[in-house]
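Peer 1: Return a 3D structure for these sequence lines:
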Amino acid sequence: MTSHQNTQTMKPATAAKKLGVYLEATPAEFQEGVVSRTELNALQTDPPEWLLELRRNGPHPRPVVAAKLGVSISGLARGGVTEALTTEQIDALKKDRPEWLERERATQAEVRKEAVRIKEKNAE
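Peer 2: Residues are numbered from 1 along each chain as shown. As a prediction, the model looks like this:
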């Protein structure tokens, strides 16, 4: 009896999420096909120019935007940021330091401190 190994594939949205890029900004052939695990690994180890450019300049998906700004995804929504942002837009927000961003960064810092406190308490 021979065993067949099926090729594991994923939707383009899943692959884009794993690559940390905004799906709508990817090339049409990426958006319209399916991505195998092998293809995903190849994109991660030897990214093509379009992937390097997206990672460098965006537009970036909300999880990446939130991480670059040091806030949560919910904090982005509370601040009115609901769409993908480019690196230039993120840098402008960092420079302008709007009130909502400062507030959300402070909230995120409190969340991190509380997580550390709980972790230390549980370690005892």
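
Peer 1: Any regions of the chain where pLDDT drops low?
Peer 2: Applying pLDDT under 70 to the chain flags the ranges 1-6.

Peer 1: which one's the longest helix in it?
Peer 2: helix 99-123 (DSSP state H).

Peer 1: tell me the contacts of residue 71?
Peer 2: 79, 101, 104, 105, 107, 108 (C-beta atoms under 8 Å, 6 or more residues apart in numbering). (Glycine included, C-beta is placed from N, CA and C.)

Peer 1: The longest helix of the chain packs against which elements?
Peer 2: On a contact count with 3 or more C-beta pairs under 8 Å, 6 or more residues apart in numbering; DSSP states H and E, helix 99-123 meets helix 62-69, helix 73-78.

Peer 1: In JSON lines: the contacts of residue 71, plus distance to residue 50 and neighbour count.
Peer 2: Shown next, in JSON lines, are the contacts of residue 71 (distance: C-beta to C-beta, whole Å; neighbours: other C-beta atoms under 10 Å):
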{"residue": "79", "distance to residue 50": "29", "neighbour count": "17"}
{"residue": "101", "distance to residue 50": "30", "neighbour count": "19"}
{"residue": "104", "distance to residue 50": "31", "neighbour count": "23"}
{"residue": "105", "distance to residue 50": "32", "neighbour count": "15"}
{"residue": "107", "distance to residue 50": "35", "neighbour count": "15"}
{"residue": "108", "distance to residue 50": "32", "neighbour count": "16"}
